[in-house]
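Colleague: Give me the fold of what follows.
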Amino acid sequence: MLIKFFKLVLILLFYQSPLYSKSKTLNDINSHRLSNYFSGIVAYENNDNSQALKFFRLSKHLIKQHNSYLENYIYTLVLEGKFQQAASEIKQNLTENNSNFFEAYLILAIDSLKRKNYKKSREHLQKSYEFINNDKLSLIIAETLKQYLYVFEENKISKIEKKFGNFSFINEVFQRCYLNDKNTKTYFNNLINSQNEDYSRYIFFYINYLIENNEYDEAKNITDNLDYLNSSLLISQGKKWIDDRKIHEFKEIFSCSKTTDIVSEFFFLVSNLYSSQENYKKSNFYLNISHYLNPKFKFNLSLLAENHYLNKDYTKTLKILESFSKKNEFYYWFKLKKEAQIISKKKNKDESLDFININFKKIKNPSIKIIFDIANFNKNAEKYKEAIKYYDQIVSKIDINSQFHAEILYRRGGSYERLADYVNSDKDLLKSLQINPNDAYVLNYLAYSWLEREYKIDLSLQMLEKAYTEKSNDPYIIDSIGWAYYLIEDYIKAENFLKRAVELMPEDPIVNDHYGDILWKLDRKIQARYFWENVLNLDETEDEIKKKIKVKLIEGLTNS
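Modeller: The predicted structure follows:
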């Protein structure tokens, strides 16, 4: 019966779905083979690539019988890190119609590029244009790769016919870096100081370029002006190498003079773009291409681990994390944090916190960035005394007028507030506002804390109105200002704000509770009880709130 079901579904797929072309010789395919292929498709769609590959291999005879088989098979091979096997399969079937898809010729072009056969790479790339099918990003990939091939063959920058904004500029920077062009520094500086986007990642490659050209002092001058707290993983690791005088580490993972290294970075950029669009399958596809071109740059695998984690594939996440060793402090810490997150998902938060705290204590002289992370871990786990201890360490080490000093004071002040130490909480939060008086989140936190204590209500409302001006779409700020109006008995204004807050955060217990209170005051008691009852059914509702809600449901607000 099951085999008949698989056969029926596959027939429907072959003949009706626009995603799959009609089988050439469907009558020659038996039910068992069809079921394996169907199982492969199901596994592929569920992001279980290892299982998909297993089933596709069991149905490999379909490679010349069903046009979509090769495309699915090739994609799965690349996703499993088997790029060379994917290229080999395409070469064996190049004369067949089943190889008529963009990625097939792109893979062949990359394979030839790695072999430094640029002429053959251009031929394959030119063929790929036939299958772009109005996909803009595929066009950008083909055009950019064509420009790189021109640079490698002609040793000069091509006149770009089609430009794709900053995407093209980033790649031109790397092309000039490859050619050791006299204007490379200027191009790097223009890129990393862009006002439109955050291109701080490319500071790492600029430092790498300077070191490769024996300009160590200039590279150190750049990293001396970088703050660990305000830097990405990659930049922090690069700064750490410079601080520890391990400049050889840069050359071991990347060089502008290597064609595969700079093209690898281009494909990482493509992968990152797909990841930002939550298209993790395509992101992983291009990230595996990037890794094939430059397997030395293991740090890029952090994106692959993140993608697998977001897809809830914790087994693969853990496997990728094995790439990061204690040798590179910041990526090792990234590994530990991600493992702690997985423990939290698979077991519980207590075990997760124990894991990260135990491993943190094993790190000798942890950087300020790592101390900041462990403080936040403890704060989020409601271990406020531990969090404060770590925030204290950071406060003693940073510039008292810096934006990060304000951030640490905000976090430490919030921890004090949760411990009901309002003297120290207010002190930290007010000091944070002295440094950054327009920080909407600090304004909101302090004002809401005062509202809950029924302290300085008028001043709290002024602070919340200022916060609302800065962040008018933030649901927490909208909730706070609505509650402030409730406390001064302006229920009409309060209802306008709280209604919007509920629309933005329908699953938040506090917002629903507040809205219910306001509706009661507006004599809309049936609706009020509806929202209070909703609070009891929400997953995030704490026991203390539930007790108060149960009283309200019986007595209303009169005696609650």
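Colleague: how close does L451 get to G81?
Modeller: 54 Å (Cβ to Cβ, to the nearest Å). Backbone N, C-alpha and C define where each C-beta goes, glycine included.
Colleague: who has more neighbours, these two?
Modeller: L451 (21 against 17; other Cβ atoms under 10 Å).
Colleague: what's the more buried one sitting at in phi/psi?
Modeller: Main-chain torsions, L451, degrees, to the nearest 10: phi -60, psi -40.
Colleague: Which residue, other than its chain neighbours, is closest to it?
Modeller: Ranked by Cβ to Cβ, 6 or more residues apart in numbering and with sequence neighbours excluded, the top spatial neighbour of L451 is S460, at 5.2 Å.
Colleague: quick one: average pLDDT of the helix or strand that contains E407?
Modeller: According to DSSP states H and E, E407 maps onto helix 403-418. The average of the pLDDT scores along helix 403-418 is 95.
Colleague: residues making contact with it?
Modeller: Contacts with helix 403-418, where a contact means Cβ atoms under 8 Å, 6 or more residues apart in numbering, come from 227, 229-230, 372, 375-376, 379, 382, 384, 387-388, 391-392, 394-395, 398-399, 422, 424-429, 431-433, 435-436, 439, 441-442, 445-446, 449.
Colleague: and what of stretch 282-296?
Modeller: If you take Cβ under 8 Å, 6+ apart as the criterion, stretch 282-296 is touched by 75, 78-79, 81, 83-84, 103, 107, 110, 113-114, 252-254, 258, 260-261, 263-265, 267-268, 270-275, 297, 300-301, 303-304, 307-308.
Colleague: Show me which of those residues are buried.
Modeller: Buried members of the contacts of stretch 282-296, scored by 16 or more other Cβ atoms under 10 Å, are 75, 78-79, 81, 83, 103, 107, 110, 113-114, 253-254, 260-261, 263-265, 267-268, 270-275, 297, 300-301, 303-304, 307-308.
Colleague: Which of those fall in helices?
Modeller: Applying DSSP state H to the buried ones among the contacts of stretch 282-296, the entries found in helices are 75, 78-79, 83, 103, 107, 110, 113-114, 253, 260-261, 263-265, 267-268, 270-275, 301, 303-304, 307-308.
Colleague: Please state the offset of the helix holding E407 from the chain centre?
Modeller: Distance of helix 403-418 from the chain centroid (Cα atoms, centre = their mean, to the nearest Å) equals 25 Å.
Colleague: got the CA positions of it in CSV?
Modeller: Coordinates of each C-alpha in helix 403-418 appear next as CSV, following Å, rounded to 0.1, in the frame of the first residue of the first chain:
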residue,chain,number,x,y,z
GLN,A,403,28.9,54.8,24.9
PHE,A,404,29.7,51.3,26.2
HIS,A,405,30.1,52.6,29.8
ALA,A,406,26.6,53.9,29.4
GLU,A,407,25.5,50.4,28.1
ILE,A,408,27.1,48.6,31.0
LEU,A,409,25.5,51.0,33.6
TYR,A,410,22.2,50.3,31.9
ARG,A,411,22.6,46.6,32.2
ARG,A,412,24.0,46.7,35.8
GLY,A,413,21.2,49.1,36.8
GLY,A,414,18.6,46.8,35.4
SER,A,415,20.1,43.9,37.5
TYR,A,416,20.0,46.0,40.6
GLU,A,417,16.4,46.9,39.9
ARG,A,418,15.4,43.2,39.6
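Colleague: what's the burial count for K364?
Modeller: By other Cβ under 10 Å, 6 other residues sit near K364.
Colleague: ok, now how distant is it from Y441?
Modeller: For K364, the distance to Y441 (Cβ to Cβ) stands at 34 Å.
Colleague: Any regions of this protein where pLDDT drops low?
Modeller: Scanning the chain for pLDDT under 70 picks out 1-34, 37-38, 40, 52, 55-56, 58-67, 160-162, 559-560.
Colleague: OK, contacts around N328?
Modeller: 237, 299.
Colleague: Run the chain-centre distance for the helix or strand hosting R500.
Modeller: Using DSSP H and E, the element containing R500 is helix 491-504. How far helix 491-504 lies from its chain's middle: 32 Å, per Cα atoms, centre = their mean.
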